[in-house]
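Student: Next comes the sequence, and after it the predicted model I'd like to discuss.
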Amino acid sequence: MHSSNVTSDDVMSFFSGAGGFSYGFAQAGLKPVIGAEIDKDACATYEKNVGSKCHNVDLSSIDPDFFLKAVHGREPFAVIGGPPCQGFSTAGARDTCDPRNNLIFNYLKIVERLRPRWFIFENVEGLLTSGNGAAVASLVTEFLRIGYSVRVQKVNLAAFGVPQTRKRVLIIGNRFGINFEFPEETQSYASGKSKKHSNKPFAPTLDQALSGLNGYAKTRSELCSYASSVPLNDFDASMRRGNETGLLSEHFQLVDAKDAEIYSLLGQGQTMKDLPEDLWHESFKRRAFRRVQDGMPTEKRGGAPSGIKRLNGDLQSLTITGAATREFIHPHENRPLTIRECARIQTFPDCYTFVGNAASVIQQIGNAVPPLAASVFATHLKRIDGKYGSGLATPRQKTEPRLFGYFLTEATGMSYALQKTEGLLRNIQQQQLEFGNL
């Protein structure tokens, strides 16, 4: 018997960031025992809130045996993580040679060494078309090689109650050949171009997500009180839970009169291009001009330049990134969002405390997996794994690892780049058929 309290129920988190993924798992009763993150501030934030050890290490170079020893050789229930995604992101210039892209395969090596029952791999949607689909197809092939049956799916986390459009690629796998589906979506959503209307209730709107936050401070050291002594809606109530002081940190903005005047010219849903050109930021002018003049290939351009944009309070927010406190203007006030407002939109509760300067903290928040969505997927893993009494039996005989399926887009049409990816994944499944693996 090991003296450690580590059990095979344990979850291990890698590329842990500020702990959004892990916090959500903990809320579902699967608190990770170990995290690992290269950023010192994020590591400290993780430990402060998740409450378990986060190793401040470089996962591109550390030997996975380090973590195997940390759990005394036991095989964990799940490994979770989202390797850095800047090399794939559609928000900036996309570089398939970015060395950070290799981190997705470092994650795979960790899974191979630790042999968890399940893994969840999270990344930006740009991964799907990186290298004309070769990145995701290689990753799937490698997961199959090391014995995991997988599903690949692009999801919009708004469909699980997150008050923002947040499109992400998830690869989920298990090493027992258990066929499974992704959790059923619970919400409709509408955020700019991202819309999905069904008979399901709408995810919280931005106005609902920010309800209860009162005014804002002008300095970071100042704490704020709530707008009311009682929560104003269910989302507000869920965000207040655990905040015993009743005070809000990170709810501050400093706006000069000139900027406030510019913001006042924007209606909800409008962006910098809706302003007179003499009010455009210099960086916006350069990006807008470059896209027209230099013939830069589409895949290198990144997202369309929009500079500042006033969010629509009746819709879900746009995707929260590290630039949100500079570029996202409050729907009703002439100022950018505060850090605390961004944290709420990412479903971090108000009691969540962050370590680092303001620039570090908003980056931690922008990079995070929303805890609410993480909790949904953690609960789903428990439900479909026979270990937790779901009724699904773990196969007695080893089955050949399979790509059970993939879902790449909600759109009726598919871009040329996505068609290439779909073709590669279809070939993997076709080979399974040919070799009698299905």
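Tutor: Okay, I see it.
Student: pretty sure residue 344 is in contact with residue 213, am I right?
Tutor: Yes. The pair residue 344 / residue 213 is scored as a contact, 7.3 Å apart, by CB atoms under 8 Å. Backbone N, C-alpha and C define where each C-beta goes, glycine included.
Student: Look at the two and report which has more neighbours.
Tutor: Using other CB atoms under 10 Å as the criterion, residue 344 and residue 213 rank with residue 344 on top: 31 against 21.
Student: Spit out the contact partners of that one.
Tutor: 163, 209, 210, 213, 239, 350 (CB atoms under 8 Å, 6 or more residues apart in numbering).
Student: which residues touch the spatially closest residue to residue 373 that is not a sequence neighbour?
Tutor: Once flanking residues are discounted, residue 373 sits nearest to residue 157: 4.4 Å by CB to CB, 6 or more residues apart in numbering. By CB under 8 Å, 6+ apart, the residues touching residue 157 are 164, 166, 167, 168, 370, 373.
Student: Need the per-residue pLDDT for residue 157.
Tutor: For residue 157, the model assigns a pLDDT of 97.
Student: what's the distance between it and residue 116?
Tutor: 23 Å (CB to CB, to the nearest Å).
Student: same deal with residue 280?
Tutor: Distance from residue 280 to residue 116, by CB to CB: 50 Å.
Student: ok so residue 152 is a strand residue?
Tutor: Yes. Counting by DSSP: H, G, I helix; E, B strand; the rest coil, one finds residue 152 located in a strand.
Student: That one contacts residue 182, doesn't it?
Tutor: No. Applying CB under 8 Å, one finds residue 152 not in contact with residue 182, separated by 9.9 Å.
Student: Quick one: name whatever helix or strand follows the lowest-mean-pLDDT helix or strand in the chain.
Tutor: One helix or strand of the chain scores below all others by mean pLDDT, DSSP states H and E: helix 298-301, with a mean of 46. Downstream of helix 298-301, the first helix or strand assigned by DSSP states H and E is strand 309-310.
Student: mean confidence for the helix or strand following that next one?
Tutor: Scanning forward in sequence from strand 309-310 by DSSP H and E, the next helix or strand is helix 324-327. The predicted model assigns helix 324-327 a mean pLDDT of 96.
Student: and helix 324-327, what does it pack onto?
Tutor: helix 339-345, helix 358-367 (3 or more CB pairs under 8 Å, 6 or more residues apart in numbering; DSSP states H and E).
Student: Return the most buried member of those helices.
Tutor: Among those, helix 339-345 has the highest mean neighbour count (mean count of other CB atoms under 10 Å), at a mean of 26.
Student: re earlier: mind checking which of residue 280 and residue 116 has more residues around it?
Tutor: residue 116 (22 against 19).
Student: Helix, strand, or coil at that one?
Tutor: Applying three-state DSSP: residue 116 is coil.
Student: Settle this for me: it is touching residue 78, isn't it.
Tutor: Yes. Under the criterion of CB under 8 Å, residue 116 makes contact with residue 78 at 5.3 Å.
Student: Give me the common contacts of these two.
Tutor: Looking at what touches both residue 116 and residue 78 (by CB under 8 Å, 6+ apart), the common residues are residue 12.
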